[in-house]
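> Here is a sequence with its predicted model. Questions after.
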Amino acid sequence: MELIEYGPEVIIEITPYDYELITRSSDAWRQRLKLKMEPLIIKPLGFNKYGLQARGVAGFIKIGNIPIEISPKFLNREIAGTNWRSSMWRFLAYGYGIETISESSGAIFNEDEGIADILADIFLTSMKNTNVLGYPLGYKTSHIDSSFVSGKLDPQRYSKILPVTGKIGIITTKLTQDIPVNRMLKWACNELLKIVESPIRRKMLHHWKNELPHVSSIPPRIEQINFSKLQYPHIVQALEIAMLLFDDKKIGYKNGERSLPGFLWDSDNLFERATRRLISEASRNLGINSTKRSHPLSEIIEGDSRLPSMITIPDIDVWSNNKSLFIADSKYKNLGKNPLNSDFYQILAVGRVCKVDTVALLYPSSSIGLTTQIYKPCGNSLPKTVFVTTIGLGSFSSQLQINLLRTKVTKWLSEAINFSEQQNLVL
């Protein structure tokens, strides 16, 4: 089933039980993504028919036996044609900082296949070479009873030395495949098994999973993964997919954990990630920095003291020598003739406290490349210039277009930073 984010409702015929499943799953995803509204809106229409809509999210999930694929409102079949999945996947990979997959050829995207099957195909292709090049190995600490000392004595078991049994408790290490990297891969395999539609791929995933019978499928903590891309380059893509699926995926890991089959992303958050990466790459090309930094927004005056009371953290802060040069805020919404007053007020306030001449509001569009309007705020305070810029998500249709977009963003950022300097010289 295909839905378009913020698109018209799709009429489906399901049982009341499926209706309850969709309602509960929507609430679970809302909590997981920390959304203000329900991502799935379902309305009873009578005679087991329901209207289903998606809001603020895109991705692929499986609820009961119902696979649901949600395309972004700026990248879908109606706008991007048959290449919409290719563009959507590259946009997702780019926003999440994935390097190897974003280089993938558009030829791997079959119009008849869903995104989940495409992920499974990339995952399995990446894992093929493990038959020749092997899996990562590591040492695991074990507490065992042994007839000879190998390793060191286990102080927790000194009390069992007597009476003599011929064995002693020791702590030793052994080489094993049951390490965080392999556990993450096996967990990702289980997740893909829940959502793929192709019986052939499901069988292939089961086969691969059985190659690691002694590896736990409980995912490790991210900080436990110590992985050398140079030593095991053949599994990089599979691990990137695993990390993508894992990204804040579970509500809990204890007994009664609530697993959410599939993957949804918060579109607003993803657009912010992508724009932040674009500006960060452009900043490096210009020899300056771009990071998220907090700035004091206001102070409370108590006698002779000034105490910070609130802070602001702009989406994008371009700086050099610890001085902000340019501030931008991402807005995942349609840009009308002019930006909303509230958006304009927000970026003006941030620009003022950061003491910059130039700020920008960044909006998505379904086109290719960049378009920019320049606004001059009235009054004499900072900032002096507001760029209202749209980023064409159609640029993610191929790696060539992504590279062209990077070049355009670098040129635009350079001009935006220098624009106010030129204005100051004129004044």
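All right, it came through fine.

> As a check, name the ranges of all helices in the stretch 51-200 of the chain.
77-80, 84-95, 115-127, 130-133, 180-195, 199-209 (DSSP state H, counting those that start in this stretch).

> Out of these, which one sits most buried?
helix 84-95 (a mean of 24; mean count of other CB atoms under 10 Å). No exception for glycine: its C-beta is placed from N, CA and C like everyone else's.

> hmm, back to that, looking at the helices of the stretch 51-200 of the chain, which one has the lowest mean pLDDT?
Among those, helix 130-133 carries the lowest mean pLDDT, a mean of 77.

> Show residues contacting that helix.
With contact meaning CB atoms under 8 Å, 6 or more residues apart in numbering, helix 130-133 is reached by 211, 232, 234-235.

> which among the residues you listed gets closest to residue 322?
Set against residue 322, the nearest of these by CB to CB is residue 232 (38.9 Å).

> Which residue is the nearest non-sequential neighbour of that closest one?
Distance criterion CB to CB, 6 or more residues apart in numbering; nearest residue to residue 232, sequence neighbours excluded, is residue 136 at 5.5 Å.

> With residue 310 instead?
residue 297 (4.2 Å).

> Quick one: residues contacting the one you found.
Shown in contact with residue 297 (CB under 8 Å, 6+ apart): 309-312, 349, 353.

> And these, which of them are buried?
Among the contacts of residue 297, those classed as buried by 16 or more other CB atoms under 10 Å are 312, 353.

> Which members of the contacts of residue 297 are positioned in helices?
Using DSSP state H, the subset of these located in helices is 349, 353.

> these two touch, right, residue 352 and residue 382?
Yes: here residue 352 reaches residue 382: they are 5.5 Å apart, a contact under CB atoms under 8 Å.

> Quick check: buried residues in the helix or strand where residue 351 lies?
Using DSSP states H and E, residue 351 maps to helix 341-354. Along helix 341-354, these residues count as buried under the neighbour rule (16+ other CB under 10 Å): 343-344, 346-348, 350-354.

> Please apply the same query to stretch 221-228.
By 16+ other CB under 10 Å, the buried positions in stretch 221-228 come out as residue 225.

> average model confidence for it?
Stretch 221-228 carries an average pLDDT of 78.

> ok, back up a step: what's the closest of the contacts of residue 297 to residue 70?
Lowest distance from residue 70 to those (CB to CB) belongs to residue 312, with 31.9 Å.

> give me every residue that touches the closest one.
294-297, 349-350, 353.

> quick revisit: remind me what the helix holding residue 351 packs against, helices and strands.
Under the contact definition 3 or more CB pairs under 8 Å, 6 or more residues apart in numbering; DSSP states H and E, helix 341-354 sits against strand 295-302, strand 305-312, strand 323-330, strand 358-365, strand 385-393.

> What distance do you get for the most centrally placed residue in the chain to residue 392?
For the chain, residue 96 is the residue whose C-alpha lies nearest the centre (CA atoms, centre = their mean; 4.3 Å). Distance of residue 96 to residue 392, given as CB to CB, to the nearest Å: 20 Å.

> Equivalent analysis for residue 282, please.
Per CB to CB, residue 282 is found 16 Å from residue 392.

> repeat for residue 180
Between residue 180 and residue 392 the computed distance is 39 Å (CB to CB).

> same check, this time on residue 22
33 Å.

> Now stretch 319-331: buried residues?
Judged by neighbour count using 16+ other CB under 10 Å, the buried positions of stretch 319-331 are 319, 324-331.
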